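>>> need a 3D model of the following:
(one chain, ligands or ions: 2)
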Amino acid sequence: EPAQNGVSAQITVNSPEQMRELGRRLAKLLRAGDLVLLNGELGAGKTTLTRGLGEGLGVRGAVTSPTFVIARVHPSLGDGPPLVHVDAYRLGGGLDEMEDLDLDVSLSDSVIVVEWGEGKVEELTDDRLHVVIHRAVGDTTDEVRHVTVTGLGERWVTVDLSVLAA
Ligand code: ADP
Ligand code: MG
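Numbering: from 1, shown residues only. Ligands and ions are numbered 1, 2, ... in the order given. Got it, this is the predicted structure:
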């Protein structure tokens, strides 16, 4: 197992807009070659977070649920890295399957965000960010989400994830 970052950030999010804002903040920490795994049940807010991430990275096209495609590439509007948005729900798993997607970009030049990625794309790199989104149990407004962000590997050892909770 790769080294785990000492600090994993816990963020409470109260609305879809705040989830997008979290995505925009997270984007500022990311650079080409980074891998982000998003987990949490259907409707947790994985795609909403990715939408904010795309806004923060300044990519072309609104991020939507890749329902009929497994992966979508959003090129940067500036000189930043493209966002590769993967829905691994129907992806069998493993590096081979990712390579078989035959994307037009090199993964090492991109920011890769994988919904349902746990247990499927870890072999891409030892350095990765795990984001887990939980609905608040028994919450009546149903808009509260608890987000845990954990950095794995050397890449994240020196990154202060607490800025995400700002
Ligand atoms: P997932 O990709 O995890 O299946 P989506 O982001 O597609 O989830 O959908 C989340 C749904 O929950 C949206 O309809 C969104 O408006 C709603 N929602 C309510 N509260 C939140 C919140 N705090 N964060 C994200 N989405 C929320
Ligand atoms: Mg989704």
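>>> could you tell me whether residue 123 really is in a helix?
Yes. With DSSP: H, G, I helix; E, B strand; the rest coil as the criterion, residue 123 is located in a helix.
>>> what's the burial count for it?
Residue 123 sits with 11 neighbouring residues when counted by other C-beta atoms under 10 Å. For every residue, glycine as well, the C-beta is placed using N, CA and C.
>>> low-confidence regions, this structure specifically.
In the predicted model of the chain, residues 1-6, 66-68, 93-95, 139-140 satisfy pLDDT under 70.
>>> switch to 80 and redo it
Scanning the chain for pLDDT under 80 picks out the ranges 1-7, 66-69, 90-102, 136-141, 166.
>>> interface residues of it facing ligand 2?
Within the chain, the residues that sit near ligand 2 (C-beta under 5 Å from the ion) are 46, 47, 65, 115.
>>> just the buried residues of stretch 108-123, please?
For stretch 108-123, a neighbour-count test (16 or more other C-beta atoms under 10 Å) marks 110, 111, 112, 113, 114, 115, 116, 117, 120, 121, 122 as buried.
>>> likewise for stretch 88-100?
Buried residues in stretch 88-100 (16+ other C-beta under 10 Å): 88, 91, 98.
>>> any chance of the backbone angles for the first one?
Read that as residue 88. phi -90, psi 10 (degrees, to the nearest 10).
>>> right, and it touches residue 117 too?
Yes. Contact between residue 88 and residue 117 holds when scored by C-beta atoms under 8 Å: they sit 5.0 Å apart.
>>> pretty sure residue 72 sits against residue 101.
No. Residue 72 lies out of contact with residue 101 (C-beta under 8 Å); the separation is 10.2 Å.
>>> can you pull the contacts of residue 77?
By C-beta atoms under 8 Å, 6 or more residues apart in numbering, the contact set of residue 77 is 58, 59, 60.
>>> turn the residues you listed into JSON lines, columns for distance to residue 16, neighbour count and secondary structure.
Formatted as JSON lines, the entries for those read as follows, by distance: C-beta to C-beta, whole Å; neighbours: other C-beta atoms under 10 Å; DSSP: H, G, I helix; E, B strand; the rest coil:
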{"residue": "58", "distance to residue 16": "20", "neighbour count": "14", "secondary structure": "coil"}
{"residue": "59", "distance to residue 16": "19", "neighbour count": "23", "secondary structure": "strand"}
{"residue": "60", "distance to residue 16": "22", "neighbour count": "12", "secondary structure": "coil"}
